[in-house]
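In: next one to model:
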Amino acid sequence: YAEERAGRVFTAEEADIFGSEAQGRAQAITGQIAQVAALLDITLPEE
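Out: Coordinates of the predicted model:
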């Protein structure tokens, strides 16, 4: 974010890589949340 605010323009390939990394992290976090919810017997809404 800071680099972009400083004027850096990312290539389409860089943006794709960052997007893929972000998606992977989001999926990992979602999995962790689901595991904790199961341990605490909390039902999460499905969307």
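In: for whatever helix or strand residue 23 lives in, what is the distance to the chain centroid?
Out: Element membership of residue 23 [criterion: DSSP states H and E] is helix 12-39. Centroid separation for helix 12-39 versus its chain: 4 Å, with C-alpha atoms, centre = their mean, to the nearest Å.
In: helices or strands up against that helix?
Out: Taking 3 or more C-beta pairs under 8 Å, 6 or more residues apart in numbering; DSSP states H and E as the contact definition, helix 12-39 has no neighbouring helices or strands. In short, each C-beta sits where N, CA and C put it, glycine included.
In: and it, which residues are buried?
Out: Using 16 or more other C-beta atoms under 10 Å as the burial criterion, none of the residues of helix 12-39 qualify.
In: residue farthest from the centroid of this protein?
Out: Note on the chain: the largest C-alpha distance from the chain mean falls to residue 41, namely 24.4 Å (C-alpha atoms, centre = their mean).
In: quick one: secondary structure of that one?
Out: coil (DSSP: H, G, I helix; E, B strand; the rest coil).
In: give me the phi and psi for it.
Out: Note on residue 41: backbone dihedrals following degrees, to the nearest 10 are phi 60, psi 50.
In: roughly how far does it sit from residue 13?
Out: 44 Å (C-beta to C-beta, to the nearest Å).
In: again with residue 22
Out: Distance check for residue 22 against residue 13: by C-beta to C-beta, it reads 15 Å.
In: could you do residue 28 as well?
Out: Per C-beta to C-beta, residue 28 is found 23 Å from residue 13.
In: just want the most central residue of the protein.
Out: By C-alpha atoms, centre = their mean, the chain has its centre lying nearest to residue 26, at 2.7 Å.
In: do you know the pLDDT at it?
Out: Per-residue pLDDT puts residue 26 at 98.
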